[in-house]
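Asker: Sequence below, structure please.
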Amino acid sequence: MGSGYVVVDVLADSKKVWETLLNFERYPEMIPTIRKTRVTSRWRTITKGLFTLSKFRFRLSVVHKHVPEEVCSVEKRRPDSVGRILGLLCRITYGC
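Answerer: Numbers count the residues shown, from 1 in each chain. Take a look at the predicted model:
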């Protein structure tokens, strides 16, 4: 089993970036090596799916974890002890 991630700088607001990244159905139009996508389940912060890659049609199971910015910025918005507790819970739950 493997894992990985890609980092790319883009000039767009975070809402547009996440909107694009979470649109798995359009990945074949945006990423040349992805031939086909199928979302198998979707929750608030996790999407699971199957991707078909490259001309060899490799099938890949994908788990995409999305932590909304507003969820993990609670500690910044609330600098009191409640905010610190909520921030800790967020880090434990979402890894942010």
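Asker: Quick one: residues in contact with stretch 27-34.
Answerer: For stretch 27-34, contacts defined as CB atoms under 8 Å, 6 or more residues apart in numbering pick out 20, 35-37, 51-54. C-betas here are computed from N, CA, C, even on glycine.
Asker: let's see 6 Å
Answerer: 35, 37, 51, 53-54 (CB atoms under 6 Å, 6 or more residues apart in numbering).
Asker: Max pairwise distance over the residues you listed: which two?
Answerer: The widest separation within the contacts of stretch 27-34, taken as CB to CB, falls between 37 and 54 and amounts to 13.6 Å.
Asker: can you give me the helices in this structure?
Answerer: Using DSSP state H, the helices of the chain run over residues 14-21, 27-30, 69-72, 74-77, 81-94.
Asker: State the mean pLDDT of the last one.
Answerer: Per-residue pLDDT values across helix 81-94 average out to 60.
Asker: and if you look at the third one?
Answerer: The average pLDDT for helix 69-72 rounds to 57.
Asker: okay, now residue 51: neighbour count?
Answerer: For residue 51, the neighbour count with other CB atoms under 10 Å is 19.
Asker: separation between the nearest residue to it once chain neighbours are set aside and residue 47?
Answerer: Among residues not flanking residue 51 along the chain, residue 60 sits closest, at 4.7 Å (CB to CB, 6 or more residues apart in numbering). Using CB to CB, to the nearest Å, one gets 14 Å for the distance from residue 60 to residue 47.
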